[in-house]
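Chemist: Give me a 3D structure for the following:
(chains A, B, C and D)
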Protein chains: 2
Amino acid sequence: MDDNFLSQTAHSEAIEDFLKAVYLLQQEHARVQTSMLAEALSITPPSTTEMAKKLARANLITHELYKGVRLTPTGERVAIEIVRNHRLIELFLVQALGFGWDEVHREAERLEHVISEQLAERIAQYLGNPHFDPHGDPIPSPEGDVEERALTPLSALALHTPGIVARLRDQAPDMLRYLGEKGLVVGAHVEVIAIDPFEGPLTVQVDGQAQVIGSNVAHYVLVSHSKGM
Amino acid sequence: MDDNFLSQTAHSEAIEDFLKAVYLLQQEHARVQTSMLAEALSITPPSTTEMAKKLARANLITHELYKGVRLTPTGERVAIEIVRNHRLIELFLVQALGFGWDEVHREAERLEHVISEQLAERIAQYLGNPHFDPHGDPIPSPEGDVEERALTPLSALALHTPGIVARLRDQAPDMLRYLGEKGLVVGAHVEVIAIDPFEGPLTVQVDGQAQVIGSNVAHYVLVSHSKGM
DNA sequence: TTGCATTTTTCGGCGTGCCTAAAATATACT
DNA sequence: AGTATATTTTAGGCACGCCGAAAAATGCAA
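Modeler: Got it, this is the predicted structure:
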């Protein structure tokens, strides 16, 4: 006996974080498992199961016991709104307040839960209704549509094929800062000029400058082939 | 056995709200009573007492049983930081994002708890380190200094003495909107041209326009005598 | 296919922040 | 001062989000 029979209930921060984590993990994993969620949310597996059952009851996710979890359309709507808020806030902090693009994640992590739909809208307007955030992640439309692009990890880019950095996967500030020092920021022109075998380092021309990076790091740099942005 | 032995502990939203409420009530009442706090926080008196005891244990307030509550210097530091955040956010929403000054309170109420000190600083810079928010409330400095002004309620202003609206006490959007319709906004030039006896309505010249308002409403409009603002 | 390691779930518990009902204290009145 | 009224505190309870320990299910390997 409770809430939420049509639309727009207010959800707790814990619930919003959970749904967001499922959404993000779902992009790479068909079934989102308890252990992954526990890891992503920094809570224990028992807590994860508990929340999963609760959200399944509320029809925000489906939970197949011992198998994993998926968002329902309703759950996805909620998750996407949070993701939209997050990415709008990141971009806003960078553009309007001069933050570094490597220092906005934690701030957005808190703000995403408390801004009103109205404020999100005003921020979007201020920014000119952008489609991507400073990391190259797509910003969902107010209606929840997400513009996905086919991108190639730098580690998988063919030799001597020029490309443009379109997205950086990891959120950790240190990695972002490291990549930034190498010139690997969204919009940079890149071309792989040498690849060592056995997952060795690659040599990459970054805006004219040759750089050597590990292949594991290169996996986080997503490149578009022609113009893309 | 717990937290907080030197500075900057993170406090829950409930605690921050409580301390803020004490701070605001303290300006008008020497001893802040349980019932006032319960009213201000929309919680019951027992919950208020409970929180009071907890915060007294943490040395954020002093609590004299059955008498009331006061902030300690530590508690005041926390409260002032929240108040500063609140007022900076209100002003920022108005100035940077075009919100109406009567619609920013609720938004700030949520944001005040989650912005980092760093973000507050950037917002302050963006705004040119302002001393007052859109309602004329003083914005504490980062160090916690509050610029207090001696102001007169419009209801107590002497006949035919020109003044300038410097501050509007109430936060309720409907009242702010009502006052706005009468031209009673911060910065407006006012002069009382008639007062009915027995707490009756007053007739006020507002930027040249004659307006009639109730004395209870006039109590919320604070006026500075000469230039102030 | 049986047994073992891993993953997931169940179970019992805990702190926070809130509540209602009842008891204690303060205050106001005559 | 003595009693009625209003305020405050105590007592007992509840939902939420989390935990650790133990049980159950899964899946991998011999």
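Chemist: next one: phi and psi at the nearest residue to A:R77 once chain neighbours are set aside?
Modeler: Take A:R77 and drop its neighbours on the chain: the residue closest to it by C-beta to C-beta, 6 or more residues apart in numbering or on different chains is A:G144, 5.7 Å away. Yep, even glycine has a C-beta here, placed from its N, CA and C like the rest. The main-chain torsion angles of A:G144 are listed as degrees, to the nearest 10 and equal phi 100, psi 10.
Chemist: Pretty sure A:G144 sits against A:V78.
Modeler: No. Shown here, A:G144 and A:V78 do not form a contact pair, counting by C-beta atoms under 8 Å, at 9.8 Å.
Chemist: thinking again about what came up before, give me the neighbour count for the residue nearest to A:R77.
Modeler: Neighbour count for A:G144, taken as other C-beta atoms under 10 Å in any protein chain shown: 15.
Chemist: go on, the one 10 residues further on?
Modeler: Other residues within reach of A:L154 by the criterion other C-beta under 10 Å amount to 23.
Chemist: swap in A:A158?
Modeler: The burial count for A:A158: 11, using other C-beta under 10 Å.
Chemist: Does it lie in a helix or a strand, and which?
Modeler: Using DSSP states H and E, A:A158 maps to neither a helix nor a strand.
Chemist: Which of the three states applies to the spatially closest residue to it that is not a sequence neighbour?
Modeler: If the residues on either side of it in the chain are set aside, A:A158 comes closest to A:V192, at 7.3 Å by C-beta to C-beta, 6+ apart. At A:V192 the chain is in strand, as set by DSSP: H, G, I helix; E, B strand; the rest coil.
Chemist: and A:V192, what are its bridge partners?
Modeler: Beta-bridge pairing of A:V192 under DSSP bridges involves A:V204.
Chemist: That one touches A:P162, doesn't it?
Modeler: No. Using C-beta under 8 Å as the test, A:V192 is too far from A:P162 to be in contact (9.4 Å).
Chemist: what's the average pLDDT for stretch A:43-51?
Modeler: When pLDDT is averaged along stretch A:43-51, the result is 98.
Chemist: quick one, strands of chain A?
Modeler: Assigned by DSSP state E, chain A shows strands spanning A:61-64, A:68-71, A:152-153, A:163-168, A:189-195, A:202-206, A:209-213, A:221-224.
Chemist: who touches stretch A:144-164?
Modeler: Around stretch A:144-164, the neighbours that count as contacts under C-beta atoms under 8 Å, 6 or more residues apart in numbering or on different chains are A:76-77, A:80-81, A:84, A:131, A:138, A:140, A:165-167, A:184, A:187-195, A:202, A:204, A:215-216, A:218-229.
Chemist: 6 Å instead, please
Modeler: Surrounding stretch A:144-164, the residues in contact under the criterion C-beta atoms under 6 Å, 6 or more residues apart in numbering or on different chains are A:77, A:80, A:131, A:138, A:140, A:166-167, A:189-192, A:215, A:218-219, A:221-225, A:228.
Chemist: do stretch A:174-184 as well
Modeler: In contact with stretch A:174-184 (C-beta under 6 Å, 6+ apart) are residues A:D102, A:V165, A:V206, A:D207, A:Q209, A:Q211, A:V221.
Chemist: nearest to chain B, of the residues you listed?
Modeler: Chain B lies nearest to A:D102 out of the contacts of stretch A:174-184, by C-beta to the nearest C-beta, at 13.6 Å.
Chemist: Now the closest one: closest residue in space that isn't a chain neighbour?
Modeler: A:L176 (4.0 Å).
Chemist: Over to A:K53?
Modeler: Here the nearest residue to A:K53 in space, its sequence neighbours aside, is A:H63; by C-beta to C-beta, 6+ apart that works out to 6.4 Å.
Chemist: And for the one you found, the neighbour number?
Modeler: As a burial measure, the neighbour count of A:H63 was computed by other C-beta under 10 Å and equals 20.
Chemist: Next: A:L176.
Modeler: 23.
Chemist: A:Q95 now?
Modeler: 16.
Chemist: Kindly report the same for the one 10 residues further on.
Modeler: Taking other C-beta under 10 Å as the neighbour definition, A:H105 ends up with a count of 19.
Chemist: ditto for A:Q205
Modeler: A:Q205 has 17 neighbouring residues, counting by other C-beta under 10 Å.
Chemist: Now do the same contact list for it.
Modeler: For A:Q205, the residues meeting the contact criterion (C-beta under 6 Å, 6+ apart) are A:E191, A:I193.
Chemist: So stretch A:112-127, near DNA strand D or not?
Modeler: No. If you take C-beta under 7 Å from any atom of the strand as the test, stretch A:112-127 misses DNA strand D, and the best it gets is 11.2 Å.
Chemist: of the contacts of stretch A:144-164, buried ones?
Modeler: Taking 16 or more other C-beta atoms under 10 Å in any protein chain shown as the criterion, what is buried in the contacts of stretch A:144-164 is A:77, A:80, A:138, A:140, A:166-167, A:190-192, A:215, A:218, A:221-224, A:228.
Chemist: Out of these, which is nearest to A:Q27?
Modeler: Closest approach to A:Q27 among the buried ones among the contacts of stretch A:144-164 (C-beta to C-beta): A:P138, at 10.9 Å.
Chemist: Report the beta-bridge partners for the closest one.
Modeler: Beta-bridge pairing for A:P138 (DSSP bridges): A:F132.
Chemist: For A:L222, see how far away it is.
Modeler: Distance, A:P138 to A:L222, using C-beta to C-beta, to the nearest Å: 12 Å.
Chemist: So A:S141 versus A:R167, what's the distance?
Modeler: The value you get for A:S141 to A:R167, if C-beta to C-beta is used, is 18 Å.
Chemist: quick check, the longest helix anywhere in chain A touching DNA strand D?
Modeler: Here the longest helix in chain A is taken by residue count, with DSSP state H as the criterion, and it is helix A:73-97. No. Judged by C-beta under 7 Å from any atom of the strand, helix A:73-97 and DNA strand D are separated, with a smallest distance of 13.1 Å.
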